[in-house]
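In: next come a sequence and a model predicted from it.
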Amino acid sequence: MHRSAAFRFHGHLDAPVELTVAQLRDLPVHQVQVSFDCRSDGEQRHGFEGPKLWDVLCAARPQVDLTGRKERPGFVLTVKGADGHQAVLSWAEIDPDFGGQQVLLATSMDGTPLDEAGPQLVVPADHCGARYVSGITEVWVGRPQPAQ
């Protein structure tokens with residue numbers, strides 16, 4: 001039996017949670033075919049499957065008034081991978097009341113399950129693959145800190 005990689009979802013939530021790829025599969029599944037430019041490997045084409053980041057965020061119970069619209073755009077999500085790579089998304093990018101982008105936390109790539117490697121951030125609207133974070137180890141949600 002293979003171990004499912006876990007990642008930490010924390011920050012401005014009721015409580016931090018540890019999630020596995022198997023648990024992500026309990027959420028509604030979406031499929032996307034993407035094409036993006038990878039600086040080291042050129043154009044990439046892949047099929048991904050998994051829940052929307054928005055659905056995972058809502059299931060994690062953020063400490064944000066989801067009925068109020070002025071507070072939500074002030075939050076960001078930072079996604080970190082096992083290799084140290086990280087990407088930042090604004091709350092408004094994925095919130096259906098604003099940008100509503102179909103950003104996924106993929107549980108499989110090209111039909112191959114990602115249980116051992118960990119989920120992958122998939123940003124279908126991006127032409128550059130820099131925000132495709134693989135082997136996610138943590139997702140943090142909160143207000144950005146101003147530069148000092």
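Out: Cool, the structure landed.
In: distance of Ser40 relative to Gly129?
Out: According to Cβ to Cβ, to the nearest Å, Ser40 and Gly129 sit 9 Å apart. The way it works is simple: take the backbone N, C-alpha and C, and place the C-beta from them, glycine included.
In: with Leu57 instead?
Out: 22 Å.
In: give me the more crowded residue out of these two.
Out: Between Leu57 and Gly129, Leu57 has the larger neighbour count (other Cβ atoms under 10 Å), namely 23 against 20.
In: any idea which element that one lies in?
Out: If you go by DSSP states H and E, Leu57 is part of helix 53-59.
In: anything in contact with each of Ser40 and Gly129?
Out: Overlap between the contact sets of Ser40 and Gly129, as judged by Cβ atoms under 8 Å, 6 or more residues apart in numbering, is nil.
In: about what we covered before: list of residues touching the helix holding Leu57?
Out: 9, 19, 24, 27-28, 66, 77, 89, 94-96, 103-105, 121, 139, 141.
In: among those residues, which lie within helices?
Out: Taking DSSP state H as the definition of helices, the contacts of helix 53-59 contribute Leu24, Ile94.
In: any of the contacts of helix 53-59 buried? List them.
Out: Those of those that meet the buried threshold are 9, 19, 24, 27, 77, 89, 94-95, 103-105, 121, 139, 141, by 16 or more other Cβ atoms under 10 Å.
In: closest one of these to His46?
Out: Leu104 (11.4 Å; Cβ to Cβ).
In: isn't that closest one up against His30?
Out: Yes - between Leu104 and His30 a contact is recorded at 6.1 Å, counting by Cβ atoms under 8 Å.
In: thanks a lot, see you next time.
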